[in-house]
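1. Sequence and predicted structure are below.
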Amino acid sequence: MQIGPYEFDAYLRLVKNFHGNVAPGLVIGGFMVDTALRQLPEGGLFDAICETRACLPDAVQLLTPCTIGNGWLKVVNLGRFAVNLYDKYQGEGVRVWLDPAKVDPWPEIKNWYLKLKPKAEQDKELLLAQIREAGPQVLSWRSIRIRPHFLKRRHRGPIVVCPLCREAYPAQDGGICRGCQGEVPYVEDQGGAEAPLLQAVPLERAVGRRALHDMTQIVPGLSKGPAVRQGEVIGAGDLCRLQQMGRHHLYVVGDDGPGPEWVHEDEAALGFARGLAGEGVTFTDQPREGKINLLAAQDGLLVVDEARLERFNLVPGVVAASRSSYSLLAQGRPLGATRAIPLFLARADYLKALAVLEEGPLFKVLPLRRPRVGVLVTGTEVFLGLVEDRFIPIITAKVEKFQGQVVKSLIVPDDKGAISRGVQDLLDAGIDLLVTTAGLSVDPDDVTRQGLMEAGATDLIYGAPILPGAMTLLARIGPVQVMGVPACALYFKTTSFDLLLPRLLAGLFPSRRDLAKLSHGAFCLECKSCTFPKCPFGK
């Protein structure tokens, strides 16, 4: 029994020397890599992708020139015991996997693979014996073509020195290295002071001093705001008010100042606001109580880079909060705010936060176009007049809320040829958004999708985790956006159409992943009195 150029026992010794023990996954992995190599043409240059981190990458590195270090081996951790070998330029290759349907004749392999037995109860000698006996019989393989983005050579680009840790790193990672952005796998001893040295002086000795920060006065149920603003000179008239607020001391910076390693909360808030605000977003000129509000500079749809907003808020002492992404905003409306938590933020943390923002702003407000809509109602019963159409007035009312216009509407029977011709008629009318209604259920006679594809629809997505609106359809026909609205829109005031229409008008085309993310919050409560969008639906 051979595994690559090695006899089985010789391969076991190789595995033990390399891995530290004879791991069953590495032995089976050897058969998998050997099987893949036998399907590839001799003399070709190939790369590898493992779909698990466990054992299999070691088998690739033992039997091929592909390693993590030279970049020819990648791990895309899908949790599947499978390996892909493919031509590094064309992407054509083979995928080999340990097939659960083929392990029944070897029960110890099955117990190991499907974890039917705890590891302590497995018979390793029997397991290795069955692996020797089974060889490649427990494997399956098929030809594949790798997605183009895996074929691209990724270069690190210029190398610079991090201004914080003084170590070299790829400039493309930002203004400071990823380690200083908080991604180090170890706990560091921060050392030094947690804040600059501040001096507390009795309030009566504070006259003539400048306030270090806004001092907030709260009148329960009536007001909240700064009684004294940062930078103001404390006068004798301020003393009584400050005492009523419970302040008997005033903190001032020592004679040497806070030092360059500290950033005042107002300076930090301004720096963050500049980096957070993108297209269609502005912010207040001056911080208020250490905080800056971000505002919509135009009417439109708020889009938030949620992943990087999370990264920003992982930086110690830093805060940015916003309204939900895809909220509709009027010009001047607040959409979020940012601030530093301490009065003086460590400059290292300030730079970490700015590094997150170097990739681009986190908030933007996209303007909505005024759509020219074509409505295509499908249904033989409606076409013949047996059922009165109620879709066209519903869609028209929703479109007009966005100052759009229904340019033309048609009713066609459940016939894909008629649907295709109707689509072309609407396209000829100069629409930029096609809304089709009904004919989107699982019934065999619902042929709307087939008619749309016959009319040239591409990028079609059918189905969305939104209730009501599960059978929503999205597609394109050239530059024209297409949205299929299921029959539930006749019975529910608010559906997937209301969630997705603003995105389309902002020039966005939701992907399958975008729709999947909508699932958390996309369950309508069907309230007797609908208050959408002032409700949790779609948020």
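-> Happy to help now that I have it.

2. May I see the buried residues of the longest helix anywhere in the chain?
-> Secondary structure of the chain read by DSSP state H shows that its longest helix is helix 24-39. By 16 or more other CB atoms under 10 Å, the buried positions in helix 24-39 come out as 24-37. (C-beta placed from N, C-alpha, C; glycine too.)

3. what separates it from the chain centre, distance-wise?
-> Centre-to-centre, helix 24-39 and its host chain are 35 Å apart (CA atoms, centre = their mean, to the nearest Å).

4. what sits up against stretch 34-42?
-> With contacts defined as CB atoms under 8 Å, 6 or more residues apart in numbering, stretch 34-42 is touched by 2-4, 46, 63-64, 83-85, 87, 93-96, 136, 139, 141, 143.

5. swap that for stretch 278-291, please
-> 213-214, 216, 225-226, 230, 265-266, 269-270, 273-274, 276-277, 292-298, 300, 335, 337-340, 343, 360-367.

6. run the last query once more with 6 Å
-> Outside stretch 278-291, the residues that touch it by CB atoms under 6 Å, 6 or more residues apart in numbering are 214, 216, 226, 265-266, 269, 273, 277, 292-295, 297-298, 300, 337, 339, 361, 363-365.

7. From those residues, keep the buried residues only.
-> 214, 226, 265-266, 269, 273, 277, 292-295, 297-298, 300, 337, 339, 361, 363-365.

8. Give the lowest-confidence helix or strand of this protein, using mean pLDDT as the measure.
-> The weakest-scoring helix or strand in the chain, judged by mean pLDDT, DSSP states H and E, is strand 249-253 (a mean of 68).

9. Now, the buried ones among the contacts of stretch 278-291 that are in strands?
-> P226, I292, N293, L294, L295, G300, A337, R339, F363, K364, V365 (DSSP state E).

10. Of these, which one scores lowest on pLDDT?
-> Scanning those for pLDDT, the smallest score is found at P226, 77.

11. can you pull the contacts of the nearest residue to L242 once chain neighbours are set aside?
-> In space, and not counting its chain neighbours, L242 is closest to L203: 6.0 Å by CB to CB, 6 or more residues apart in numbering. Contacts for L203 (CB under 6 Å, 6+ apart) come out as L239, H248, L250.

12. one more time with 7 Å
-> Taking CB atoms under 7 Å, 6 or more residues apart in numbering as the criterion, L203 is in contact with L239, L242, Q243, R247, H248, H249, L250.

13. phi, psi of it?
-> Main-chain torsions, L203, degrees, to the nearest 10: phi -60, psi -40.

14. Would you mind measuring from it to V219?
-> L203 sits 20 Å away from V219 when distances are taken as CB to CB, to the nearest Å.

15. next one: V485
-> Counting by CB to CB, the gap from V485 to V219 is 51 Å.

16. So for those two, which sits in the more crowded spot?
-> V485 (27 against 8; other CB atoms under 10 Å).

17. what's T396 in contact with, if anything?
-> V406.

18. Report the separation between it and L302.
-> On the measure of CB to CB, T396 and L302 end up 26 Å apart.

19. cool, V406 as well?
-> 27 Å.

20. more crowded one of those two?
-> Between V406 and L302, counted using other CB under 10 Å, the more crowded position is L302 (25 against 21).

21. Secondary structure element holding that one?
-> strand 300-304 (DSSP states H and E).

22. do F492 as well
-> For F492, there is no host helix or strand (DSSP H and E).

23. quick one: it and G469 touch, right?
-> No: the criterion here is CB atoms under 7 Å, and F492 misses it with G469 at 8.3 Å.

24. Give me the more crowded residue out of these two.
-> G469 (24 against 16).

25. That one - nearest residue in space that isn't next to it in sequence?
-> Per CB to CB, 6+ apart, closest to G469 is S496, 2.6 Å.

26. tell me the secondary structure for the closest residue to F18 other than its chain neighbours?
-> Using CB to CB, 6+ apart and skipping the chain neighbours, the partner closest in space to F18 is L62 (6.1 Å). Three-state call for L62 (DSSP: H, G, I helix; E, B strand; the rest coil): helix.

27. how much space between the residue positioned nearest the centre of the chain and K115?
-> Geometric centre of the chain, nearest residue: A307, 5.4 Å, by CA atoms, centre = their mean. The gap separating A307 from K115 is 32 Å, by CB to CB.

28. now the strands: where do they sit in the stretch 1-150 of the chain?
-> 2-3, 6-7, 46-50, 73-75, 82-87, 92-98, 139-145 (DSSP state E, counting those that start in this stretch).

29. just the stretch 351-500 of the chain next, same as before
-> 363-366, 372-378, 405-412, 433-437, 458-462, 473-477, 480-485.

30. Would you reformat the ones you listed as CSV and include distance to P510?
-> Output for the strands of the stretch 351-500 of the chain, formatted as CSV (distance: least, CB to CB, whole Å):
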stretch, distance to P510
strand 363-366, 14
strand 372-378, 18
strand 405-412, 22
strand 433-437, 14
strand 458-462, 8
strand 473-477, 6
strand 480-485, 10
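
31. ok so, going back, list the helices and strands the strand holding L302 packs on?
-> Contacts defined by 3 or more CB pairs under 7 Å, 6 or more residues apart in numbering; DSSP states H and E place strand 300-304 against strand 328-329, strand 363-366.

32. now the longest one: how far from the chain's centre is it?
-> Averaged C-alpha coordinates place strand 363-366 at 16 Å from its chain's average position (CA atoms, centre = their mean).

33. quick one: contacts of it?
-> With CB under 7 Å, 6+ apart, strand 363-366 has contacts from 276-281, 294, 296-298, 300-304, 322, 329, 335-336, 506-507.

34. I'd like to know which of the residues you listed are buried.
-> 276-278, 280-281, 294, 296-298, 300-304, 322, 329, 335-336, 506.

35. Run a quick neighbour tally on C527.
-> C527 has 12 neighbouring residues, counting by other CB under 10 Å.

36. you'd agree it is in a strand?
-> No: secondary structure assignment (three-state DSSP) places C527 in coil, not in a strand.

37. Read off the pLDDT value for G439.
-> On the pLDDT scale, G439 gets 60.

38. Keeping just the C-alphas, turn stretch 425-433 into CSV.
-> Presented in CSV, the C-alpha positions along stretch 425-433 are these (Å, rounded to 0.1, in the frame of the first residue of the first chain):
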residue,chain,number,x,y,z
ASP,A,425,-43.0,46.6,-23.1
LEU,A,426,-42.3,48.2,-19.7
LEU,A,427,-38.6,48.5,-20.4
ASP,A,428,-39.4,50.3,-23.7
ALA,A,429,-41.4,52.8,-21.5
GLY,A,430,-38.1,54.0,-19.9
ILE,A,431,-38.4,52.5,-16.4
ASP,A,432,-35.5,52.1,-14.0
LEU,A,433,-37.3,49.7,-11.6
